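J.: sequence and predicted structure are below.
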Amino acid sequence: MPHRYNGNDGNDIPNTDNEETMLISGSSDSNETHRTELPPLKRVNRRTQQQEQATVHSPAQSYISEDPPPFPQSQTPPQFPHSSTPPPPSPKHPNYNERDYYDYNQQSPQDYSGGYYPPPSTPVTVPPPSSQQRSKDKEKKQSVQHEKAEAPKKKRKHKSLFRRIIGRIFKIAILLFLLVFCIYSCTSVCLIRKINQVPSKNRIHYADSLGRGHVRSILVIGTDGRNANDHGRSDSMILISLNSKTKEIIMTSFMRDCYVEIPNNGWDKLNAAYAYGGAELLMETIENNFDVRIDDYVSVDFASFVSVVDAVGGVDIEVSDAEAEQINIILISELNSIMGDDINADLLSRGGKLHLNGKQALAYSRIRNVGNNDFERTERQRRVISLIIARLKTFRPSIFKNLASDVIPDITTNMDDLKMYLFSLRAPFAMRYKTKQLQIPAEGTYYPADVDVGSVLQIDNAQNQQIIENVVFSKG
């Protein structure tokens with residue numbers, strides 16, 4: 001049987017351990033000559049084969065074999081497993097030429113100096129990447145995505161800067177608003193505590209408030225009391241209504257000589273209701289006869305009225321010579337003595353466009369013997385109140401200081417602290433409303449009459465109720 005090494009049988013190769021893989025020195029010269037032509041043998045195991053394939057060969061499919069490497073045949077050249085063309089000889093070979101054996105479609109020339117070309121075998125399975133390699137690949141992918149997103153982020157940076165500026169301005173505005181609001185609220189609470197509060201009684205409302213929630217009405221009662229302890233009579237009755245839909249302040253004067261029905265007291269003049277039962281009965285009487293709901297009132301006496309006018313710095317009014325004469329008469333007869341001044345103090349020399357102080361404005365509001373008696377009297381009262389409101393719109397610090405020290409302590413109301421605080425929050429916005437004046441009874445809705453209580457005004461309640469509905473509770 002021929003031997004598989006060099007085409008010789010086993011008897012031609014001496015072997016000390018009867019193995020076919022070992023050659024013994026001292027063999028025949030022919031064999032030695034033949035061995036000198038072979039390249040040096042290189043022992044290759046499976047592990048070193050895989051390492052060489054991973055580092056030297058291309059990523060193409062590789063083959064390994066577990067059989068021992070064969071010696072190259074002396075006559076038949078070994079076949080290269082990856083190509084049909086024979087591989088180039090070793091650089092040590094005398095006929096080796098790199099230009100003749102370089103294949104430009106394959107990898108760069110490799111060093112096969114060992115002269116060993118492994119036969120085909122099973123493909124090597126590439127192990128999956130480790131967790132460290134996967135994390136590196138992930139970081140590389142994220143860095144690429146980050147570089148791609150740099151351009152739009154520059155635009156976002158400008159937008160975010162603009163948003164930050166707007167946000168800071170908004171925050172500063174909010175802080176300033178809260179600061180002003182806190183100062184205003186603290187001031188309002190301090191002033192509210194100085195007002196003379198009278199507990200409100202549970203009374204029957206004769207007027208329907210359905211559909212009238214856009215109007216807030218407060219009855220201002222001017223009494224002829226000389227001091228805080230003097231109950232007096234209701235010298236003037238003006239309903240101040242704030243209409244949030246028409247943005248108007250409507251001042252409605254009720255004539256004190258109106259002949260009305262007073263609940264549980266029969267028919268009498270309107271101002272008699274205050275004498276019978278105070279402010280609560282007066283509000284019930286107005287609701288019963290004129291169908292206007294009134295929840296709150298503010299009562300002002302002579303001293304309070306004078307203090308209000310002086311606190312706003314006086315008022316400028318066009319006064320006729322006849323009105324100037326009546327002002328002097330009222331000052332001399334009662335007001336100067338009530339206020340503790342000289343009897344001839346603050347007298348007017350003539351009429352014209354005059355600047356009136358508190359006492360002079362009060363005397364002007366009480367004139368009855370010039371013009372159309374009580375009708376022009378209530379008109380003068382509304383004119384003075386309108387001028388006071390106009391002066392309050394200036395928001396001068398001195399005005400509020402004088403109001404706090406001289407006016408607030410002399411005012412009486414049935415509103416509790418919460419109602420007054422809510423009203424104080426609404427007051428600055430209401431100051432921008434337009435003012436409108438109304439007189440009840442309106443022209444053409446009354447006629448004079450003499451009854452058992454004296455001279456009165458007989459009125460048409462239905463017509464006056466409709467006028468109040470159209471003017472006070474208008475929805476625009």
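T.: That came in fine, so what should we check first?
J.: count the neighbours of Arg212 for me.
T.: 18 (other Cβ atoms under 10 Å). In this view, the C-beta of every residue, glycine as well, is placed from N, C-alpha and C.
J.: my bad, should have said Asn402
T.: Neighbours around Asn402, by other Cβ under 10 Å: 18.
J.: just the element for it, please.
T.: In the assignment (DSSP states H and E), Asn402 maps to helix 397-402.
J.: can I get that helix in CSV, CA atoms only?
T.: C-alpha atoms of helix 397-402 as CSV (Å, rounded to 0.1, in the frame of the first residue of the first chain):
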residue,chain,number,x,y,z
PRO,A,397,-52.0,110.0,47.5
SER,A,398,-53.1,113.1,49.5
ILE,A,399,-56.7,112.4,48.7
PHE,A,400,-56.7,108.9,50.1
LYS,A,401,-54.7,110.1,53.1
ASN,A,402,-57.4,112.7,53.9
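J.: next structured bit after it?
T.: Assigned by DSSP H and E, the successor of helix 397-402 is strand 412-413.
J.: tell me what that next one is packed against?
T.: Judged by 3 or more Cβ pairs under 8 Å, 6 or more residues apart in numbering; DSSP states H and E, strand 412-413 is in contact with strand 196-197, strand 296-300.
J.: which of those strands has the lowest average pLDDT?
T.: Sorting the helices and strands packed on strand 412-413 by mean pLDDT places strand 196-197 lowest, at a mean of 86.
J.: the helix or strand just after that strand vs strand 296-300, what angle?
T.: Once the chain leaves strand 196-197, the next helix or strand it forms, by DSSP H and E, is strand 215-223. Interaxial angle, strand 215-223 versus strand 296-300 (axes from the mean of the first three to the mean of the last three Cα atoms, to 10 degrees): 30 degrees.
J.: each with direction, which strands does strand 215-223 pair with?
T.: Strand pairing for strand 215-223, using DSSP bridges, gives strand 234-243 (antiparallel), strand 296-300 (parallel).
J.: helices and strands around the next helix or strand after the last one, which ones?
T.: In the C-terminal direction, the helix or strand that comes right after strand 296-300 (DSSP H and E) is helix 302-311. In terms of contacts (3+ Cβ pairs under 8 Å, 6+ apart), helix 302-311 is packed against helix 358-365, helix 373-392, helix 397-402.
J.: now those in a markdown table, with mean pLDDT and distance to Gly222?
T.: As requested, the helices and strands packed on helix 302-311 are exported to a markdown table (pLDDT from 0 to 100; distance: least, Cβ to Cβ, whole Å):
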| stretch | mean pLDDT | distance to Gly222 |
| --- | --- | --- |
| helix 358-365 | 91 | 8 |
| helix 373-392 | 86 | 7 |
| helix 397-402 | 75 | 19 |
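J.: tell me, which helix in the protein spans the most residues?
T.: When the chain is parsed with DSSP state H, its longest helix is helix 150-192.
J.: what's that helix packed up against?
T.: helix 417-430.
J.: give me the sheet partners of the next helix-or-strand element following the helix it packs on and which way each runs.
T.: Per DSSP H and E, the first helix or strand lying C-terminal to helix 417-430 is strand 434-440. In the sheet, strand 434-440 lines up against strand 248-254 (parallel) (DSSP bridges).
J.: in the helix or strand following the strand it pairs with, what counts as buried?
T.: As assigned by DSSP H and E, the chain's next helix or strand after strand 248-254 is strand 259-262. The neighbour-count check on strand 259-262 (16 or more other Cβ atoms under 10 Å) flags Tyr259, Val260, Ile262 as buried.
J.: show me what strand 259-262 is packed against.
T.: Strand 259-262 packs on strand 266-269, helix 272-290, strand 454-459, going by 3+ Cβ pairs under 8 Å, 6+ apart.
J.: may I have it as CSV, with CA atoms only?
T.: Extracted in CSV, the C-alpha atoms of strand 259-262 (Å, rounded to 0.1, in the frame of the first residue of the first chain):
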residue,chain,number,x,y,z
TYR,A,259,-95.9,110.2,48.3
VAL,A,260,-95.3,106.5,48.8
GLU,A,261,-96.5,103.6,50.8
ILE,A,262,-94.2,102.8,53.7
